[in-house]
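J.: Below: sequence and its predicted model.
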Amino acid sequence: MISNEEVVRLIDVGKKYYLSGDVYVDALIDINMTIKAGEVVIVMGPSGSGKTTLMNIIGTLDRPTSGRVIIDGVDVTDKDENYLSRFRLERLGFVFQQYNLISQLTALENVMLPMLLTGRYTREEAMEKARLLLDLVGIPEVVNKRPNQLSGGQQQRVAIARALANDPSLVIMDEPTGSIDLASSYLILDLVRLLNRYLGVTFVIATHNMEVASIGGRIIYLRGGRIIEESDLRRIKEEFGRLRVDPVVVAKSYLRVLDIEERRLRRLGLDVTDVERRRNSINDFLGKHES
Ligand SMILES: Nc1ncnc2c1ncn2[C@@H]1O[C@H](COP(=O)(O)OP(=O)(O)OP(=O)(O)O)[C@@H](O)[C@H]1O
Ligand SMILES: [Mg+2]
């Protein structure tokens, strides 16, 4: 299933949220990105940087205010809601921080529902496939339980099984481990990895979490609604990497600390060679750096 097919292409995508009159928030600015079939792409960035907005636009749950959105080869930018709800059902899978399971339905029924809604599965087929998907995500024992009888990690795995129900071209996850404990998070991450590696499922995952990010083949960083380019990332690293204290001042203070230390050691009749060694190394440093 690994191919060079593009599952996502965003061209100059912008999203403004209008608050009142002409007051707006620039949630996304000039976003250009692609995701190829078989990738796991991570979207990182601080709170408010536009991750959820981006996930919603890729998932056709929200529209951009400028630019084009092409998902699975279809330009969905101007499609009507009827078209889009069918499109989402057949081609996309969603896993959000809140599991969004239907509380009146059992785990099995939650996974069956997307298949039944397409009208392309008989009840028996949907049931058989849903059972297999719950096996696949490792929770065959919960088939007949309702969401409120399941742990957060179990609910999230049901949500993953449901997301896979119609063999989506892309699974979109927004903070998929945001509401669950660490052990369950690792299970979810293992699942994502296995589904990607062995079944070729394509993922785009928005997260704050470094552990989640570590499973991605590629990370896109957002900041203030923009994608941070490699070169900008380097500049930010340099900026943060730069010393904000004067090393000469620190070295001189440390010499005074060593004086006290030496006095103390002499008083106790102990060896001061280590103090002298450190003093020499600091004096060497000062010799090189003091003008
Ligand atoms: N419905 C909305 N109406 C107005 N402004 C919104 C709306 N949704 C998001 N925003 C604003 O758009 C920006 C991006 O929000 P978004 O939810 O995409 O960020 P995020 O990166 O997902 O943050 P977090 O990590 O907290 O989930 C923020 O400034 C937010 O306040
Ligand atoms: Mg968010």
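T.: Happy to help now that I have it. Numbering: from 1, shown residues only. Ligands and ions are numbered 1, 2, ... in the order given.

J.: For stretch 135-145, could you pull out the residues that count as buried?
T.: By neighbour count on 16 or more other CB atoms under 10 Å, the buried set for stretch 135-145 is Leu136, Val137, Ile139, Val142, Val143, Lys145. In this view, the C-beta of every residue, glycine as well, is placed from N, C-alpha and C.

J.: The residue in the stretch 101-250 of the chain positioned nearest to ligand 1: how many residues sit nearby?
T.: Nearest residue of the stretch 101-250 of the chain to ligand 1: His208, at 5.9 Å (CB to the nearest ligand atom). For His208, the neighbour count with other CB atoms under 10 Å is 15.

J.: ditto for the one 3 residues further on
T.: Taking other CB under 10 Å as the criterion, the count of residues near Glu211 is 12.

J.: In terms of secondary structure, what does the helix or strand where Arg263 lies contact?
T.: For Arg263, the host element (DSSP states H and E) is helix 247-267. Helix 247-267 sits against helix 273-289, with contacts defined as 3 or more CB pairs under 8 Å, 6 or more residues apart in numbering; DSSP states H and E.

J.: could you check the angle helix 273-289 makes with the helix holding Arg263?
T.: Angle of helix 247-267 versus helix 273-289, following axes from the mean of the first three to the mean of the last three CA atoms, to 10 degrees, is 160 degrees.

J.: gap between the residue of the stretch 101-250 of the chain closest to ligand 1 and Ile42?
T.: Noted for His208: a distance of 11 Å to Ile42, by CB to CB, to the nearest Å.

J.: Tell me the residues of the stretch 51-200 of the chain that contact ligand 2?
T.: Selection of the stretch 51-200 of the chain residues close to ligand 2 by CB under 5 Å from the ion yields Lys51, Thr52.

J.: at 6 Å instead, please
T.: Lys51, Thr52, Asp174 (CB under 6 Å from the ion).

J.: what stretches of the stretch 1-150 of the chain score poorly on pLDDT?
T.: Along the stretch 1-150 of the chain, segments meeting pLDDT under 70 span 1-4.

J.: Please enumerate the helices of it.
T.: 51-58, 81-91, 107-118, 123-136 (DSSP state H, counting those that start in this stretch).

J.: Ile172 falls within a strand, correct?
T.: Yes. Counting by DSSP: H, G, I helix; E, B strand; the rest coil, Ile172 is part of a strand.

J.: My guess is it contacts Leu92. True?
T.: Yes. The criterion here is CB atoms under 8 Å, and Ile172 meets it with Leu92 at 6.3 Å.

J.: tell me the domain ranges of the chain?
T.: As given by automatic domain parsing, the domain ranges for the chain are 6-240, 247-289.

J.: residues near the closest residue to Thr52 other than its chain neighbours, how many?
T.: Sequence neighbours aside, Asp174 is the residue nearest to Thr52 in space, at 5.6 Å (criterion: CB to CB, 6 or more residues apart in numbering). Residues near Asp174, counting by other CB under 10 Å, number 21.
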